[in-house]
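[1] Predicted model and sequence follow; I will ask about them next.
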Amino acid sequence: MPLPAFTLDAADGPRAFPTGRPALLCFVKEDCPTSGLSMPLIEEAHRAFGDAVDVLIVGQDAAGNAVLVERHGLTAPVLDDSALHVSYAYDLDTVPTVILTDPAGEERTRFVGFGRDDWWHLMASLAEASGLRAPAVDWDAYPESRPGCGSKSVEPGIAERLEAEASGSPLRARRIEIAAQDDEFEFMFDQGLTDGLPVVPPTPQRVLRMLRGTRRDAQEVVAVVPPNMAPATIEKIAINAVMAGCRPEYLPVVIAAVEAVCTDTFNAHGVMATTMGAAPVLVVNGPVRHRIGMNMGLGVLGQGNRANATIGRALMLVLRNVGGAKPGGTERSTFGAPTKYTMAFAEWEERSPWTPLHVERGFRAEQSVVTAFGMTGGPHQIVDQTSRTARALAGSIAAGLDSAWHPKAHRFGDVLLVVGPEHLDTLTHDGYLTKEHLRSRVQEVTARPFADLISDDESGGGAPAPASPNAEQLARLVPKFEAPERINIVVAGADAGKWSAFFAGWTTGPGGTIPTSRVIEE
Amino acid sequence: MTQILDPTDERVPVRRSLTPRPEHLRGVVGLLDISKPRGNVFLDRLETLFRERLPDVEVRRYRKPTFTKPAPEDLRRKIMEECGFVVEALAD
């Protein structure tokens, strides 16, 4: 059977094999001393037998090929196999590999490395077959033999890529082998790949299955992940989603979450690095909630629902593994937070007459959207089982929110308020027909004279005392939040229970974190 | 053998942790010849030195079928079960 046919570029244009004449294929790479040793003989063969035999030098890297031509004064054509597809197709282990073929491309002779006798016999047989004179070679100047070097096509990482390309697989990630004696779960702990809980081993089969959850190309770079500013491909996200325990249909939500947090507005680097201990909190809106079975009811902020639990965890694993955000490295949180394992949930849009979060943020109701909040604390529960009017309950909610960070910390950041259904009923049955009603009441109730917010001997937190305060300045009312929009409101939780809950954000604005939404592919 | 895909940005090589080194050599030491030419010469010399200097240590010899491939699973398991230490000889 003839050897694989190919066409590769040489300096004077493309060269095809087989050539219709006998051919001498010489696979070499520049940084291999044994290739260097062989180059003068390859060139001699070309000069002596070039009229009858096509001597084709197949070089494994483009820059190296130029060096070889220069260094050895080559006139034989040097073919560029820097993509290594031909080296792979020829199943090379070693360079140099020298193969003599007949005009149809059938292999006649092959040797690897350097062998003086191999070359002597090759020159003799070419002379005999062609009727041309063999070159005068000072054979004594050559060593008897030299081992070859590893072909670039079998280098770790490259071999797997070539195999994947040849088989049409979408996978390009480095493959790691876990020995049969090793426990695969322990291995992943040892490699620092987990958040402290076991992860599902991301075998190629599982990752391929995960990739079926999206139509996007596995090698598409969807984000650059801080702090290492590493590219996150769909494949890398899928690997971490497998580890987190996701089902393939969750993958588009994880991808959108990665896109949302790896933005200048969300500022994942700051969120992960701050000693204040912020973490992404993900809220999902739109039809995808039902399609993948997200929890928006009983126990919404807790354990037990696979989609909620694993989507947030997959995002955190991407930040850890792809971005390199690890505690003790650039992640410097004083306390950390359970939300750093996972925090994702859905808004119960159908339970509420209020405009859902994503529509408030400019998306259409039928779009599926994930919104990422950088939150330092929560969920904190706001307890009020006795208010019967919207005004009274909103006052309680405001009092609860006033405790965020420090009661004197006003105009600091965002909060994410989760209104429970029973609280929602009290509010909406009594005139609070929009989220805006609740926001204005919170701002009204929490407004304090500036004098009350100044750091003093009784409580050092709060605003620094002005150098020369005037009465008007001290009396000015300062609401808790810089603007009503800093109060982000969603409805979720069980039908029973007169509670609401909130997450407190990190510093907001361009130097902090700004809630960021991305559409989820449907 | 399980194969997994690297979840990281692949900037750092995969590191495998070494078993803690014990202070004293005792029990069974395996000498693994990888079948490269003259590896056995080196291991013969090592075996002689082990027997002279550490008479209480038992030396056992093992051999890979070929140096070009990883040791077969059965051989690795056998060495793991029988030895506390192993010396693997590279040659040429």
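    Sure, I can see it.
[2] Beta-bridge partners for the residue lying closest to A:Cys32 once chain neighbours are set aside, please?
    Nearest-residue entry for A:Cys32: A:Cys149, 3.6 Å, with adjacent residues in sequence omitted and distances by CB to CB, 6 or more residues apart in numbering or on different chains. C-beta: built from backbone N, CA, C; applies to glycine. When assigned by DSSP bridges, A:Cys149 has beta-bridge partners A:Val95.
[3] Could you report the pLDDT at the closest residue to chain A within chain B?
    Using CB to the nearest CB, the point where chain B gets nearest to chain A is B:Asp9, with a distance of 3.4 Å. Looking at B:Asp9, its pLDDT stands at 92.
[4] List the residues that contact it.
    If a contact means CB atoms under 8 Å, 6 or more residues apart in numbering or on different chains, then B:Asp9 has A:Val225, A:Asn228, A:Ala230, A:Pro231, A:Lys236, A:Asn321, A:Val322, A:Gly323, A:Gly324 as its contacts.
[5] Tell me where the model's unsure across the stretch 101-250 of chain A.
    Segments of the stretch 101-250 of chain A classed as low confidence (criterion: pLDDT under 70) are A:156-157.
[6] cool, and chain A?
    By pLDDT under 70, the low-scoring segments of chain A are A:156-157.
[7] where does chain B come near chain A, residue by residue?
    Applying the criterion CB under 8 Å from any CB of the partner chain, the portion of chain B that neighbours chain A consists of B:1-11, B:14-17, B:68, B:73, B:76-77, B:80, B:92.
[8] Quick check, the residue nearest to A:Cys32 in contact with A:Thr94.
    Yes: A:Cys149 is within contact range of A:Thr94, at 6.9 Å (criterion: CB atoms under 8 Å).
[9] what's downstream of the helix-or-strand element of chain B with minimal mean pLDDT, the next helix or strand?
    None of the helices or strands of chain B scores lower by mean pLDDT, DSSP states H and E than helix B:73-82, at a mean of 87. On the C-terminal side of helix B:73-82, the closest following helix or strand by DSSP states H and E is strand B:85-89.
[10] Now do the buried residues in that next one.
    Along strand B:85-89, the positions that meet the burial threshold by neighbour count (16 or more other CB atoms under 10 Å in any protein chain shown) are B:Phe85, B:Val86, B:Val87, B:Ala89.
[11] still on that earlier bit, please indicate which of the residues of chain B next to chain A are buried?
    Burial by neighbour count, 16+ other CB under 10 Å: within those this picks out B:Ile4, B:Leu5, B:Asp6, B:Pro7, B:Thr8, B:Asp9, B:Arg76.
[12] tell me which element A:Ala16 falls in.
    strand A:13-17.
[13] Who are the packing partners of that strand?
    For strand A:13-17, the helices and strands in contact under the criterion 3 or more CB pairs under 8 Å, 6 or more residues apart in numbering or on different chains; DSSP states H and E are strand A:6-10.
[14] Contacts for stretch A:238-248 next, please.
    Judged by CB under 8 Å, 6+ apart, the contacts made with stretch A:238-248 from elsewhere in the structure are A:173, A:188, A:193-194, A:199-203, A:206-207, A:209-214, A:218, A:250-251, A:254, A:292, A:306-307, A:309-311, A:313-314, A:316-318, A:321-322, A:342, B:5-7.
[15] Could you rerun that using 7 Å?
    Contacts made with stretch A:238-248 from outside it, assessed by CB atoms under 7 Å, 6 or more residues apart in numbering or on different chains, are listed as A:173, A:199-200, A:202, A:206-207, A:209-213, A:250-251, A:254, A:306, A:310-311, A:313-314, A:317-318, A:321, B:5, B:7.
[16] Could you give me the PyMOL selection string for whichever of these are buried?
    This is how PyMOL selects the buried members of the contacts of stretch A:238-248, with burial counted by 16+ other CB under 10 Å:
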select buried, (chain A and resi 173+199+200+202+206+207+210+211+213+250+251+254+310+311+313+314+317+318+321) or (chain B and resi 5+7)
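[17] Now, the contacts of stretch A:238-248 that are in strands?
    Applying DSSP state E to the contacts of stretch A:238-248, the entries found in strands are B:Leu5.
[18] which non-adjacent residue is nearest the closest residue to chain B within the stretch 101-250 of chain A?
    Across the stretch 101-250 of chain A, no residue is closer to chain B than A:Ala230, which sits at 3.4 Å (CB to the nearest CB). Excluding its sequence neighbours, the residue lying closest to A:Ala230 (CB to CB, 6+ apart) is B:Asp9, at 3.4 Å.
[19] Need the max-distance pair from the buried ones among the residues of chain B next to chain A.
    B:Asp9 and B:Arg76 (31.0 Å; CB to CB).
[20] Looking at the buried ones among the residues of chain B next to chain A, which is nearest A:Asp140?
    Taking CB to CB as the measure, B:Arg76 is the one of these closest to A:Asp140, at 45.7 Å.
[21] wait, what's in contact with that closest one?
    Contacts of B:Arg76 (CB under 7 Å, 6+ apart): none.
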